[in-house]
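Novice: build me a structure from this.
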Amino acid sequence: MFDSAADRIEYSQAVDYLDQGRADLVPAQKLEDYVARGLLQREGSQLVLTEAGRREFETAKNERSAEG
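Specialist: Okay, here's the model as predicted:
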C-alpha cells in the first residue's frame, strides 16, 4: 500500500494526530490521499479508519517501534 516504511510511519503519525483531535497538524492533501486509498473514510465531519486503514496502522506502529 505504501512505497516505503517511512511513508507508512508518516501515515501512522497522521492517525495518531487524528485520534488526538489534531487533524490540523496533517496536511489536507495527505488526508485526502488516505481517503482516496481507502485508509480513511468520512463519517459526517470526522475521518475514521477503514479496516484496511486499521491494518496499515498496526503495521506502521510496529515499524515505528522497531526504528525507535
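Novice: now the longest helix belonging to the chain, how far from the centre of its chain.
Specialist: Looking across the chain with DSSP state H, the single longest helix is helix 51-67. Distance, stretch centre to chain centre, for helix 51-67: 9 Å (Cα atoms, centre = their mean, to the nearest Å).
Novice: what are the buried residues along that helix?
Specialist: G53, E56, F57, T59, A60 (16 or more other Cβ atoms under 10 Å). Yep, even glycine has a C-beta here, placed from its N, CA and C like the rest.
Novice: other residues contacting the helix or strand of the chain with the lowest mean pLDDT?
Specialist: Ranking every helix and strand in the chain by mean pLDDT, DSSP states H and E puts helix 51-67 at the bottom, with a mean of 85. Defining contact as Cβ atoms under 8 Å, 6 or more residues apart in numbering, one finds that helix 51-67 is touched by 1-2, 5, 8-9, 11-12, 15, 34, 38-40, 49.
Novice: got the buried residues of helix 51-67 as a markdown table, with distance to A28 columns?
Specialist: Formatted as a markdown table, the buried residues of helix 51-67 follow (distance: Cβ to Cβ, whole Å):
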| residue | distance to A28 |
| --- | --- |
| G53 | 17 |
| E56 | 20 |
| F57 | 20 |
| T59 | 24 |
| A60 | 20 |
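Novice: as PDB, could you dump the C-alpha coordinates of stretch 40-52?
Specialist: These are the backbone C-alpha positions of stretch 40-52, laid out as PDB (Å, rounded to 0.1, in the frame of the first residue of the first chain):
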ATOM      1  CA  LEU A  40      -9.800   6.600   6.000                       C
ATOM      2  CA  GLN A  41     -13.400   7.400   5.400                       C
ATOM      3  CA  ARG A  42     -15.600  10.300   6.200                       C
ATOM      4  CA  GLU A  43     -18.400  10.000   8.700                       C
ATOM      5  CA  GLY A  44     -20.000  13.300   8.900                       C
ATOM      6  CA  SER A  45     -17.300  15.800   9.700                       C
ATOM      7  CA  GLN A  46     -14.900  13.200  11.000                       C
ATOM      8  CA  LEU A  47     -12.300  10.900   9.400                       C
ATOM      9  CA  VAL A  48     -12.200   7.400  10.700                       C
ATOM     10  CA  LEU A  49     -10.100   4.400   9.900                       C
ATOM     11  CA  THR A  50     -11.400   1.700   7.500                       C
ATOM     12  CA  GLU A  51     -10.500  -1.900   8.100                       C
ATOM     13  CA  ALA A  52      -7.600  -1.600   5.600                       C
END
